[in-house]
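J.: Fold the following, please.
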Amino acid sequence: MKFRAVRIASLGYALPDQRVSSLEIEARIEPLYRRLGLSQGRLELMSGIAERRLWPKGTRPSSVASQAGERALLAAGIDRQRIGLVVHGAVCRDFMEPATASVVHANLGLAPEAQAMDLSNACLGFVHAMVHAAGLIEGGFLEAALIVSGEDGGPLVEETIQYLGRETGIGRKELKAAFSSLTIGSGAVAAVLVRDDSKAGHRLQGATLRAATQHHELCSGGPQAGSAGPLMETDSEALLEAGIELARETFERFCTEHGLTSEGVDRFITHQVGSAHRRMLLQALAIPQGRDFVTYPTLGNVGSVSLPITLAMADEAGEVRAGDRVALLGIGSGLACQMLDVRW
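T.: Residues are numbered from 1 along each chain as shown. So this is what the prediction gives:
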């Protein structure tokens, strides 16, 4: 899939003030660690995540997504009445219905003609929404679109800590399955996409998708019976292995479709999972470490927010420069992998 008239006009993001370290989390499950003979520091050592941000209890995804959306609209400098579509692409939602995007639509005062919808696809929701909107813009159906995502990892982290503390039969196997849940963070991000036939920067030039849905059982989450909140079970090793192979296959196809090689990518921005994922992914794709940008040490895994907020922070830090060929790689449980070709 290629685009010739789609520009990323702006990015905006919001982060919680509260920082929760991996050591703080481990202190709360210290009795389990002691019983299993595990030492403090294991969580950061294995994941590379020193801390994550968490919203105050009761924060609605629509509220923080609206904050990020407002910042993106102001940065884009366009009349918000030009927005013809707003999509909320997060895992987290305010409620099952109506769409969380409808709350964002109201909060931001978008035009009555603007569509509002949610798009759910695990950690790929935001980039999938970008591609969906880009296709409508490229086809002349939209002039501009706003993609938002508000993720609140707090309930998952808290319920996982409670589960590990109250269940008497927890062993190393159960702790391993719950480990990924302790790496989750919170944040919000937004992007404004516009129709632009000029050669101005931040061009969204194309996208490549590949799925490996035979692995859909490797990571699953949701409310569990007898639980106060959501729980997630992950076969981390199998998921990592299958995800890296899927990413390799997707990157090969991406390079073929968009005339690229690993040497031709100036900046490589990925969904942030942790240190092992980063190391294996860059090795599999022959991408030097200095060509990527990381946020997982201080943000953890922020679900659908992770990839776009990393791009926004790389741009803010001056690590993405005008004219750079930027490859965005998102991956989500399911499994699916989406890559975007951007000329910054």
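
J.: Going by residue numbers, what spans are helices in the protein?
T.: 22-28, 30-36, 42-47, 61-76, 100-108, 125-138, 154-166, 172-178, 236-258, 275-285, 296-299, 306-316 (DSSP state H).

J.: Is it possible to get a markdown table of those that adds distance to W344, mean neighbour count and mean pLDDT?
T.: (Glycine included, C-beta is placed from N, CA and C.) Output for the helices of the chain, formatted as a markdown table (distance: least, CB to CB, whole Å; neighbours: other CB atoms under 10 Å; pLDDT from 0 to 100):
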| stretch | distance to W344 | mean neighbour count | mean pLDDT |
| --- | --- | --- | --- |
| helix 22-28 | 33 | 16 | 97 |
| helix 30-36 | 44 | 13 | 94 |
| helix 42-47 | 29 | 18 | 96 |
| helix 61-76 | 15 | 24 | 98 |
| helix 100-108 | 26 | 22 | 98 |
| helix 125-138 | 15 | 24 | 97 |
| helix 154-166 | 33 | 19 | 93 |
| helix 172-178 | 38 | 14 | 89 |
| helix 236-258 | 15 | 18 | 92 |
| helix 275-285 | 19 | 17 | 95 |
| helix 296-299 | 22 | 20 | 98 |
| helix 306-316 | 8 | 24 | 98 |
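
J.: Please convert those to TSV, extending it with distance to L328.
T.: Output for the helices of the chain, formatted as TSV (distance: least, CB to CB, whole Å):
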stretch	distance to L328
helix 22-28	27
helix 30-36	37
helix 42-47	22
helix 61-76	17
helix 100-108	22
helix 125-138	7
helix 154-166	25
helix 172-178	29
helix 236-258	10
helix 275-285	13
helix 296-299	16
helix 306-316	6
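
J.: which residues touch the residue nearest to the spatial centre of the chain?
T.: For the chain, the residue lying nearest the average C-alpha position, counting by CA atoms, centre = their mean, turns out to be S304 (2.6 Å). Under the criterion of CB atoms under 8 Å, 6 or more residues apart in numbering, the contact partners of S304 comprise G89, A90, V91, A122, C123, L124, G125, F126, V127, S149, E151, G332.

J.: neighbour-wise, which of the residues you listed leads?
T.: S149 (36 neighbours; other CB atoms under 10 Å).

J.: List the contacts of that one.
T.: For S149, the contacting residues are 61, 65, 68, 88-90, 125-126, 188-190, 303-305, 308, by CB under 8 Å, 6+ apart.

J.: How about it: what's its closest non-neighbour residue?
T.: Nearest non-adjacent residue to S149, counting by CB to CB, 6 or more residues apart in numbering: A90, 4.2 Å away.

J.: Same check on Q18?
T.: For Q18, the nearest residue in space outside its immediate sequence neighbours is L54; the separation is 5.1 Å by CB to CB, 6+ apart.

J.: can you tell me the distance between the two ends of stretch 320-328?
T.: 12 Å (CA to CA, to the nearest Å).
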